[in-house]
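K.L.:
Sequence and predicted model, in that order:
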Amino acid sequence: MGGAPRPVIALTILGQPASKKNSMRIARTARGTPFLLPSKASAAWTRDAVQQLRLQYWHDGGPLAPLEGPLSVQLRFYLRDGRSEPDLDNLVAAAFDVLQSAKVIGNDRRIVALTASKSFDKANPRVELVLHEVAAVAA
């Protein structure tokens, strides 16, 4: 990481968070071999989340460089309700995938500190993300 660390970056993904791992569907190749795909709801959330993050993170003149870390990440998941409630670790994995796909972070392997929680907000389901680069951890 060259130069001074970037300031804290706060982002929000609106909509009901979805996990890939808890919502797979079976598809078949042209030869009939079965394989797993994320559910349509998970795929739609991922596409929408990447678009929202790009709009929030990128500047008018083009994208910022992805955060390369080491990184500290705070994730707050607000679900619509407790029905078919995904596991927190699966929600975290989905958020990390979206952060990488939107090019907000270079690689989730560079996350060295994580705080995550989930709760409920029927009127406004969302994911709140706070990221910042931290000093390198000594070995």
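P.N.:
Okay, I see it.

K.L.:
Show the low-confidence segments of this protein, by residue range.
P.N.:
Low-confidence segments of the chain, defined by pLDDT under 70: 1-7, 20-27, 35-38, 59-63, 136-139.

K.L.:
Skipping adjacent residues, who's closest to Gln100 in space?
P.N.:
Asp108 (6.0 Å; C-beta to C-beta, 6 or more residues apart in numbering). (Glycine included, C-beta is placed from N, CA and C.)

K.L.:
can you tell me how far the one you found sits from Val8?
P.N.:
Separation of Asp108 from Val8 (C-beta to C-beta, to the nearest Å): 18 Å.

K.L.:
Looking at those two, which has the bigger crowd around it?
P.N.:
Asp108 (17 against 11; other C-beta atoms under 10 Å).

K.L.:
Please give me every residue in contact with that one.
P.N.:
By C-beta atoms under 8 Å, 6 or more residues apart in numbering, Asp108 lies in contact with Phe96, Asp97, Leu99, Gln100.

K.L.:
May I have the secondary structure class of the third one?
P.N.:
This means Leu99. Recorded secondary structure, Leu99: helix (DSSP: H, G, I helix; E, B strand; the rest coil).

K.L.:
my guess is it meets Leu129, correct?
P.N.:
Yes - under the criterion of C-beta atoms under 8 Å, Leu99 makes contact with Leu129 at 7.3 Å.
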